[in-house]
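>>> one predicted model, sequence on top.
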Amino acid sequence: MSTNAPEARRATLHRMVLPDHVCPFGLKALRLLEEAGFTVDDQVLASRAEVDAFKAQHGLQTTPLVMVGEERIGGADDLERWLAAQRH
């Protein structure tokens, strides 16, 4: 994919990748974004402290968090619904 993709096709994904656990919902969100043609800024939360601080800062119970531009989409299931709505 071109690095000059329009802003609307860029997404930021914050997901948990710990030494002993990779969040399956983060992987799902990454796959959905890539399949939809997004250029993904993959922000890995690599420690429990990073995950906990990120969740507290953004008022989250879980990760991942997907942002498209300034729009906060939510987690993997929210992303799936959002992408489906974009196709209609």
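That came through fine.

>>> please count neighbours and contacts with C-alpha atoms only from this point.
Will do.

>>> only the buried residues of the longest strand along the chain, if you could.
Ranked by number of residues, the top strand in the chain under DSSP state E is strand 10-18. Using 16 or more other Cα atoms under 10 Å as the test for burial, strand 10-18 gives 10-17.

>>> quickly list what D41 is bridged to.
With DSSP bridges as the criterion, D41 is bridged to T12.

>>> got a list of what it touches?
Residues in contact with D41 (Cα atoms under 8 Å, 6 or more residues apart in numbering) are 10-13.

>>> got it, and R72?
65-66.

>>> and the helix or strand harbouring it, which strands flank it?
Element membership for R72, per DSSP states H and E: strand 71-74. Sheet pairing of strand 71-74 (DSSP bridges) gives strand 65-68 (antiparallel).

>>> could you say what helices and strands the helix or strand hosting R31 packs with?
Using DSSP H and E, R31 falls within helix 24-35. For helix 24-35, the elements it packs on are strand 10-18, strand 39-45, helix 76-86, judged by 3 or more Cα pairs under 8 Å, 6 or more residues apart in numbering; DSSP states H and E.
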